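Enquirer: sharing a model that was predicted from the sequence below.
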Amino acid sequence: MGAVCSSPVDVIKTRFMNQVSNEAGQTYKSATECGIKVFKTEGLGAFYKGFLSYFLRIGPWNVFFFMAYEQYKEAVLPLAVSL
């Protein structure tokens with residue numbers, strides 16, 4: 001779910017940061033305008049370009065994080081409650 005929800009935001013951020021200014025100024029004035037233009041010109045699928053590589057990068061991190069968090073809750077939180 002992390003990759004599904006954050007992929008569109010990552011695509012907008014990347015396009016906004018990598019834009020090439022033309023002689024009239026910036027291509028996108030804001031991240032919101034960037035998202036709207038991408039949606040109008042390329043459709044919803046444009047927000048998920050490169051999804052597999054993004055998922056392969058963020059997926060293992062999420063698994064590790066939540067496994068470590070569960071271990072933390074089991075080991076440390078009972079000690080904090082007893083104080």
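Expert: Right, received. Where do you want to start? Quick caveat: nothing in here was measured; it's all calculated off a predicted structure.

Enquirer: longest helix of the protein?
Expert: helix 51-75 (DSSP state H).

Enquirer: then the following helix or strand past that one to PDB, C-alphas only?
Expert: The helix or strand immediately downstream of helix 51-75 is helix 77-82, counting by DSSP states H and E. Listed in PDB are the C-alpha atoms of helix 77-82, where the atom choice follows Å, rounded to 0.1, in the frame of the first residue of the first chain:
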ATOM      1  CA  LEU A  77       6.700  -1.300  25.500                       C
ATOM      2  CA  PRO A  78       5.800  -3.700  28.400                       C
ATOM      3  CA  LEU A  79       8.900  -2.300  30.300                       C
ATOM      4  CA  ALA A  80       7.700   1.300  29.700                       C
ATOM      5  CA  VAL A  81       4.200   0.500  30.900                       C
ATOM      6  CA  SER A  82       5.500  -1.100  34.100                       C
END
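
Enquirer: report the rounded mean pLDDT for helix 77-82.
Expert: In this model, helix 77-82 has a mean pLDDT of 76.

Enquirer: show me what the longest helix of the chain is packed against.
Expert: Applying 3 or more Cβ pairs under 8 Å, 6 or more residues apart in numbering; DSSP states H and E, we find helix 51-75 packed against helix 2-17. C-beta coordinates here come from the backbone N, C-alpha and C atoms, glycine included.

Enquirer: for the helix it packs on, which helices and strands make contact with it?
Expert: Counting by 3+ Cβ pairs under 8 Å, 6+ apart, the packing neighbours recorded for helix 2-17 are helix 31-42, helix 51-75.

Enquirer: what's it in contact with?
Expert: By Cβ atoms under 8 Å, 6 or more residues apart in numbering, the residues outside helix 2-17 that reach it are 28, 30-31, 34-35, 38, 46-51, 54-55, 58-59, 62.

Enquirer: great, nothing more from me.
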